[in-house]
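Asks: Turn this into a structure:
(one chain, ligands or ions: 1)
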Amino acid sequence: MKISDITGIFSRRQLEFISAINVNEDYWVISLKPKKDLHWNAGEHGIFTMPGKRMKGRGWRVFSIASIPEEETVMIGTRTGEKTSEFKKILLGMKPGETVNLRGPFGWYKLHKDVKQIVLAATGVGITPNRAIAMELKKHPQINAELVHSGKYHLFKEDFVKITEEISNLKLHYTVDREATANTLNRLAVKYGNNAYYYVSGSIKSILSMKKLLKRAGVKGTKIINDPFLGY
Ligand SMILES: Cc1cc2nc3c(=O)[nH]c(=O)nc-3n(C[C@H](O)[C@H](O)[C@H](O)COP(=O)(O)OP(=O)(O)OC[C@H]3O[C@@H](n4cnc5c(N)ncnc54)[C@H](O)[C@@H]3O)c2cc1C
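Replies: Got it, this is the predicted structure:
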């Protein structure tokens, strides 16, 4: 991580709530429109708050941005779990035109433009920053990527499939159980070794297990970039 990866935390932005769509079971996709021009790097995240909304407990959450600036929308993918937190109840119930505040965007989970091969490995809702990275790949045909997404539900799958119809430098692997995920990731680690960067995102537990697997296959820690979704 470099200092420049986190300086974005000092910028404050206002976004307009557009919609919250329940895409499957407890999975939601939220769309927000920046009130002024906003630039971010694919894969970055921000700290979101809702001005004027009172709630018990923590009034902020960190979310990765699933979209790229060209889409002119800050897209968030999230899930509520069995018991929706008060923060998410308020966020998901917002009305179009209401304001959401953003600190950021910032982060270290972004494309290294000088690499030729990347492996994106995500579990569950950890897929969100990878949607933005996959969109960004359209501009970087020199970077080849393979994505492994593990979970019972594959958020943004239609978007990823659509991207692969437009570009040839992204390959998709969808898995449901832990064994298939581990086998796929291990195969990619053996195939690319330290010639690739490995982006791992999801819960802390799944990140630790994917990092362990990669290191056991001989991948150096410096080749692994992770986005730990604290709170899952
Ligand atoms: C870099 C980064 C990127 C992230 N990106 C995303 C993203 O794109 N999408 C996303 O959904 N999340 C993301 N997160 C995680 C996000 O910030 C939240 O922590 C997460 O969504 C859970 O929020 P929540 O409001 O549902 O649960 P919280 O209220 O924050 O609760 C967190 C956990 O604690 C448990 N819990 C809460 N209260 C209690 C209690 N009283 N007793 C016992 N257990 C309790 C909950 O069940 C839950 O498992 C990211 C986090 C980081 C650090």
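Asks: And the pLDDT for the residue in the chain positioned nearest to the ligand?
Replies: Relative to the ligand, the nearest point of the chain is residue 231 (2.0 Å; C-beta to the nearest ligand atom). For the C-beta atoms, the positions are set from N, CA and C on the backbone; glycine is no exception. According to the per-residue confidence, residue 231 scores 74 in pLDDT.
Asks: if you average pLDDT over the host helix or strand of residue 182, what comes out?
Replies: Using DSSP states H and E, residue 182 maps to helix 178-192. What helix 178-192 shows for mean pLDDT is 97.
Asks: Tell me the helices and strands packed up against that helix.
Replies: Counting contacts by 3 or more C-beta pairs under 8 Å, 6 or more residues apart in numbering; DSSP states H and E, helix 178-192 packs against strand 117-123, strand 144-150, strand 170-175, helix 204-216.
Asks: most packed of these?
Replies: Per-stretch averages of neighbours, counted by mean count of other C-beta atoms under 10 Å, single out strand 117-123 among these, with a mean of 26.
Asks: Describe which strands that strand pairs with in its sheet and in which direction.
Replies: Sheet pairing of strand 117-123 (DSSP bridges) gives strand 144-150 (parallel), strand 197-202 (parallel).
Asks: Tell me which of the helices and strands packed on helix 178-192 sits nearest to residue 98.
Replies: strand 117-123 (29.9 Å; C-beta to C-beta).
Asks: how about the residues of this structure that lie near the ligand?
Replies: 45, 61-64, 77-81, 85, 87-88, 125, 128, 227-232 (C-beta under 6 Å from any ligand atom).
Asks: Now which of the residues you listed would you call buried?
Replies: Neighbour counting by 16 or more other C-beta atoms under 10 Å classes 45, 61, 63-64, 77-80, 85, 87-88, 125, 128, 227-229 among the residues of the chain next to the ligand as buried.
Asks: Mind checking the helices and strands packed on helix 178-192 for the one nearest to residue 10?
Replies: Taking the helices and strands packed on helix 178-192 one by one with C-beta to C-beta, helix 204-216 is closest: 26.1 Å.
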